[in-house]
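Enquirer: Here you go, sequence then predicted model.
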Amino acid sequence: MTEKLLSPLRTRPWPERWLTRVLGAALSGAAYLVCVPWNLNNRARTLGSADETTPVTVIGVVGVIGLALVLLTLAAYFGHRDYLGWPLLLVAGPPAALLYVSLRTNPGSPDGMAHSWPLTWGFCTFLIGVAVLVTATVARRFRPAEEDSTDGLLYAHLT
């Protein structure tokens, strides 16, 4: 069973390969929805109040750390099993898309920073993408050694 869960996806039948990839993307998106609050803007404590609350709380920080752990675990799993581009698409893509929707649909703050959400989205997407890519690259180092299909090709041709 462990061999089946950790073998390269390219050796598995295509329905299993795509089901694993879809499940990974769904887990990545679900982790974002569970761990990060949907409304990332400041809110007034009471109606008409000038004091705003910050969305950063202890529970929020724990949620972001939980999201990071889930995404890094998925990145390591797909980095070990699949080609290097897939973890970036499957693990970093859904949170980036959900963050984009979250920032785009919530109204901007009246303090003149209403149009800074693209910078926030770009920075967060960059951080997630780099972390996923580095984790997947490190996980690829722990793959079992595979026989290179070009070994002996030059030698066979010369003899």
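Expert: Nice, I can see it.
Enquirer: Secondary structure class of residue 76, three-state.
Expert: helix (DSSP: H, G, I helix; E, B strand; the rest coil).
Enquirer: Verify the contact between it and residue 139 for me.
Expert: Yes - Residue 76 lies in contact with residue 139 (CB atoms under 8 Å); the separation is 4.1 Å. Glycine gets a C-beta too; all of them are placed from N, C-alpha and C.
Enquirer: what's the nearest residue to residue 97 if we skip its chain neighbours?
Expert: Excluding the flanking residues, the one nearest residue 97 by CB to CB, 6 or more residues apart in numbering is residue 29, at 7.9 Å.
Enquirer: What of residue 89?
Expert: With CB to CB, 6+ apart as the criterion, residue 89 has its nearest non-adjacent residue at 7.9 Å, and that residue is residue 25.
Enquirer: Who are the packing partners of the one helix or strand that neighbour maps to?
Expert: If you go by DSSP states H and E, residue 25 is part of helix 14-35. The contact analysis (3 or more CB pairs under 8 Å, 6 or more residues apart in numbering; DSSP states H and E) places helix 14-35 against helix 58-81, helix 93-105.
Enquirer: What is the burial count for the residue nearest to residue 97?
Expert: The number of residues packed near residue 29 is 17, by other CB atoms under 10 Å.
Enquirer: Please apply the same query to residue 28.
Expert: Counted with other CB under 10 Å, residue 28 comes out at 26.
Enquirer: okay, it: pLDDT?
Expert: At residue 28, the model reports a pLDDT of 95.
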